[in-house]
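> Have a look at this fold, sequence not included:
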């Protein structure tokens, strides 16, 4: 996730908002509270609403929150996960 911008909407599948933000930063990315054309990935969970809609409108990559939650676990296990693996 190095260099990527991520925004989250809705529930996070086992990670709190702060844990998700920390995970992104630990993996070299940057968390954002909003969705724009500069956003690389939008993590969505239950009730994502307007952020998911904006991501779809802009043609951004969307990842379910439960799949995103597996990224930090893989990293902590010594793997170097790529977004395409999830």
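Sure, I can see it. Note that the structure is predicted; figures quoted are calculated from it, not measured.
> Look up phi and psi at the residue most central in space within the chain.
Nearest to the mean C-alpha position of the chain, counting by C-alpha atoms, centre = their mean, stands residue 43 at 3.9 Å. The phi and psi values for residue 43, taken as degrees, to the nearest 10, are phi -90, psi 130.
> who does it bridge with?
residue 8, residue 63 (DSSP bridges).
> That one contacts residue 68, correct?
Yes - contact status for residue 43 versus residue 68: in contact at 4.4 Å, counting by C-beta atoms under 8 Å. Using the backbone N, CA and C atoms, a C-beta is placed for each residue, glycine as well.
> Distance of the residue nearest to the centre of the chain relative to residue 78?
23 Å (C-beta to C-beta, to the nearest Å).
> cool, residue 24 as well?
The value you get for residue 24 to residue 78, if C-beta to C-beta is used, is 19 Å.
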